[in-house]
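K.L.:
Only the shape, not the letters, is given here:
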């Protein structure tokens, strides 16, 4: 096993976690869908499918959020240095350092020591002082263990294709991975938002709902494949690794 690569036992464990997360969600949707057989009239079944679709979206967003957090946890558990992971993940793990650098209210210690009470214009030299602090601390930051916080996974309560692409970008994963399924994601999110805003008052037909449900679970299955493939191939590592 090459240093930094997830071993086979851990791969199997992460796959099991992802598949279990998908299975209970599929079981719940199936349970709710089976209630249609107790509804006599088609127009009432169509209205019931609106609730089904809203729940389907919730499971899509919830699954993606948990799945990417499982991916993050797998990387964090490897105890790698920032210098060993790709630059996307290294940057994602340095949010606090970047926030300090960008905070205009922070006056580095060496800056206050030199200028004491007669501090120059904070918009010029103070920013430069923070840059010096950042450069001084960079070697330490680069050799520290990488830790990626869970809240880097932000679905923005509307997991459109562009939001999913932003997530992949932050995590150093292939940004175009779901391009061929973006139309299905648009359909799911549009329908869900339409229901919330009073559209689709007559409900959703069986053909439309079944098509959306099938494509949604296909997307979630591809999320699993993407994550396992990334862990297996070490996509989270620097290319030279």
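P.N.:
Perfect, I can see it now. Keep in mind that this is a model prediction, so the values were computed, not measured.

K.L.:
which residue is nearest the middle of the protein?
P.N.:
Residue closest to the average C-alpha location in the chain (Cα atoms, centre = their mean): residue 153, at 3.6 Å.

K.L.:
Let me see the ranges of the helices in the protein.
P.N.:
Using DSSP state H, the helices of the chain run over 8-34, 42-76, 87-92, 95-102, 109-115, 127-143, 161-170, 182-196, 206-233.

K.L.:
Adding distance to residue 149, mean neighbour count and mean pLDDT as columns, could you present the ones you listed in CSV?
P.N.:
Glycine gets a C-beta too; all of them are placed from N, C-alpha and C. Below are those laid out as CSV (distance: least, Cβ to Cβ, whole Å; neighbours: other Cβ atoms under 10 Å; pLDDT from 0 to 100):
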stretch, distance to residue 149, mean neighbour count, mean pLDDT
helix 8-34, 19, 14, 97
helix 42-76, 8, 19, 97
helix 87-92, 8, 18, 92
helix 95-102, 7, 13, 71
helix 109-115, 26, 12, 60
helix 127-143, 15, 14, 76
helix 161-170, 11, 17, 96
helix 182-196, 25, 17, 95
helix 206-233, 18, 16, 97
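
K.L.:
could I get these as a markdown table with distance to residue 239?
P.N.:
Putting those into a markdown table (distance: least, Cβ to Cβ, whole Å) gives the following:
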| stretch | distance to residue 239 |
| --- | --- |
| helix 8-34 | 21 |
| helix 42-76 | 16 |
| helix 87-92 | 10 |
| helix 95-102 | 23 |
| helix 109-115 | 36 |
| helix 127-143 | 16 |
| helix 161-170 | 17 |
| helix 182-196 | 27 |
| helix 206-233 | 11 |
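
K.L.:
Spatially nearest residue to the residue nearest to the centre of the chain, not counting backbone neighbours?
P.N.:
residue 68 (4.6 Å; Cβ to Cβ, 6 or more residues apart in numbering).

K.L.:
now residue 209: how far from residue 57?
P.N.:
Plainly put, residue 209 is 12 Å away from residue 57 if you go by Cβ to Cβ, to the nearest Å.

K.L.:
give me every residue that touches residue 139.
P.N.:
Going by Cβ atoms under 8 Å, 6 or more residues apart in numbering, residue 139 touches no other residue.

K.L.:
Any figure for the gap between it and residue 78?
P.N.:
Applying Cβ to Cβ, the value for residue 139 to residue 78 is 21 Å.

K.L.:
again with residue 199
P.N.:
46 Å.

K.L.:
So between these two, which is more surrounded?
P.N.:
Neighbour tally, residue 199 and residue 78, criterion other Cβ atoms under 10 Å: the higher count belongs to residue 78, 20 against 12.

K.L.:
Just read off the phi/psi values of that one.
P.N.:
Backbone torsions of residue 78, given as degrees, to the nearest 10, read phi -80, psi -10.

K.L.:
how far away is it from residue 206?
P.N.:
Applying Cβ to Cβ, the value for residue 78 to residue 206 is 46 Å.

K.L.:
do the same with residue 236
P.N.:
Using Cβ to Cβ, residue 236 is found at 42 Å from residue 206.

K.L.:
Could you do residue 76 as well?
P.N.:
Noted for residue 76: a distance of 44 Å to residue 206, by Cβ to Cβ.

K.L.:
Residues touching stretch 38-48, excluding its own?
P.N.:
Here stretch 38-48 makes contact (Cβ under 8 Å, 6+ apart) with 35-36, 202-206.

K.L.:
what's the answer for stretch 172-186, then?
P.N.:
85-89, 159-161, 164-165, 168-169, 212, 215-216, 218-219, 222, 226, 230, 235-236.

K.L.:
per-residue pLDDT, residue 117?
P.N.:
On pLDDT, residue 117 comes in at 61.

K.L.:
No further queries at this time; thank you.
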